[in-house]
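Asks: The following comprises the amino acid sequence and a computationally predicted model.
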Amino acid sequence: MSRLLLVEDDAVLAEALSRALRALGHEVAVAATGERALEALADRPTSADVVLLDVMLPDVDGFEVCRRIRAHDAVPVILLTARGDAVDVVVGLECGADDYVVKPVEPRVLDARVKAILRRAAPARPPRRHVRAVGDLEVDTAAMVVTRGGVELGLTSTEIRLLIEFVEHAGQVLSRQTLLKRVWDYGFAGDSRLVDAAVARLRAKIEPEPANPVLLRTVRGFGYRLVEP
């Protein structure tokens with residue numbers, strides 16, 4: 001049973017959505033404000049496996065909550081936004097959200113997104129250690145750990161899986177739709193902005209100069225490729 005933290009200030013919506021998610025097999029805790037959500041997450045990893053985060057909150061907006069979470073925690077975050085507004089989506093993904101769902105939320109759609117994100121978070125490889133060197137990085141594709149100089153980098157599960165996908169296909173151009181299918185587990189045409197935002201976050205953590213990437217190169221009109229030094 002997965003543990004979900006639903007951050008939603010609308011009591012009626014929170015009750016309806018949490019009831020539906022519990023019926024689908026999830027354990028759900030509800031926080032009505034951003035501050036309460038951050039307090040609940042202080043008990044991680046026992047408090048939540050996935051955070052369902054409303055953008056519009058009465059105290060601290062969802063974007064700021066996501067930033068504060070990402071400052072110290074890699075817990076998967078799915079944004080709940082009232083609009084499919086491009087600015088909302090891009091800002092949310094840049095803050096570190098792993099995915100987003102537009103309101104009104106269909107519980108079964110949200111259930112599918114949660115299950116997909118948990119599959120990404122769980123190691124899908126045998127325990128045998130397999131370390132690949134990429135520049136000054138060491139990527140352990142079995143343990144899903146990335147280090148530089150022996151220090152583990154604070155990558156989210158999505159960012160680690162994205163980097164592993166590039167490492168395992170070094171030199172190949174990977175389209176956004178290919179990455180959505182392999183990393184996000186989307187069996188349909190998903191939002192390519194998920195990929196662009198995740199690549200930007202990954203570059204910020206692994207590239208010496210993220211604005212001038214030397215490892216993860218953009219191939220305009222096609223996608224991205226990893227260039228090994």
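Replies: That came in fine, so what should we check first?
Asks: Mind jotting down where the helices sit in the protein?
Replies: Secondary structure of the chain by DSSP state H: the helices cover 11-23, 34-41, 62-70, 86-94, 107-121, 157-168, 176-182, 193-206.
Asks: Can you flag the weakest of the ones you listed by average pLDDT?
Replies: Looking at the helices of the chain, the lowest mean pLDDT belongs to helix 86-94 (a mean of 80).
Asks: Please save the CA atoms from that one in CSV.
Replies: Extracted in CSV, the C-alpha atoms of helix 86-94 (Å, rounded to 0.1, in the frame of the first residue of the first chain):
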residue,chain,number,x,y,z
ALA,A,86,1.8,26.6,-19.8
VAL,A,87,3.4,28.9,-17.3
ASP,A,88,2.0,27.0,-14.3
VAL,A,89,3.2,23.7,-15.8
VAL,A,90,6.7,25.0,-16.7
VAL,A,91,7.2,26.8,-13.3
GLY,A,92,6.1,23.7,-11.4
LEU,A,93,8.4,21.4,-13.3
GLU,A,94,11.3,23.8,-12.9
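Asks: what's that helix in contact with?
Replies: Applying Cβ atoms under 8 Å, 6 or more residues apart in numbering, the contact partners of helix 86-94 are 55, 62-63, 66, 79, 81, 100, 191, 193-194, 196-198, 200-201. For glycine as for every other residue, the C-beta is placed from the backbone atoms N, C-alpha and C.
Asks: Narrow these to just the buried residues.
Replies: 55, 62-63, 66, 79, 81, 100, 191, 193-194, 196-198, 201 (16 or more other Cβ atoms under 10 Å).
Asks: Mind putting the residues you listed into JSON lines with distance to Thr218?
Replies: Formatted as JSON lines, those follow (distance: Cβ to Cβ, whole Å):
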{"residue": "Val55", "distance to Thr218": "28"}
{"residue": "Gly62", "distance to Thr218": "28"}
{"residue": "Phe63", "distance to Thr218": "25"}
{"residue": "Cys66", "distance to Thr218": "25"}
{"residue": "Leu79", "distance to Thr218": "25"}
{"residue": "Thr81", "distance to Thr218": "26"}
{"residue": "Tyr100", "distance to Thr218": "23"}
{"residue": "Asp191", "distance to Thr218": "18"}
{"residue": "Arg193", "distance to Thr218": "14"}
{"residue": "Leu194", "distance to Thr218": "16"}
{"residue": "Asp196", "distance to Thr218": "9"}
{"residue": "Ala197", "distance to Thr218": "14"}
{"residue": "Ala198", "distance to Thr218": "13"}
{"residue": "Arg201", "distance to Thr218": "15"}
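Asks: So what does the residue most central in space within the chain have for phi and psi?
Replies: For the chain, the residue nearest the mean C-alpha position is Asp98 (2.4 Å; Cα atoms, centre = their mean). Dihedral pair for Asp98: phi -90, psi -30, per degrees, to the nearest 10.
Asks: what's the pLDDT at it?
Replies: Note on Asp98: pLDDT of 91.
Asks: Distance of it relative to Thr141?
Replies: Asp98 sits 20 Å away from Thr141, going by Cβ to Cβ, to the nearest Å.
Asks: Near Arg217, how many other residues are there?
Replies: When neighbours are counted by other Cβ atoms under 10 Å, Arg217 registers 11.
Asks: swap that for Arg225, sorry
Replies: 17.
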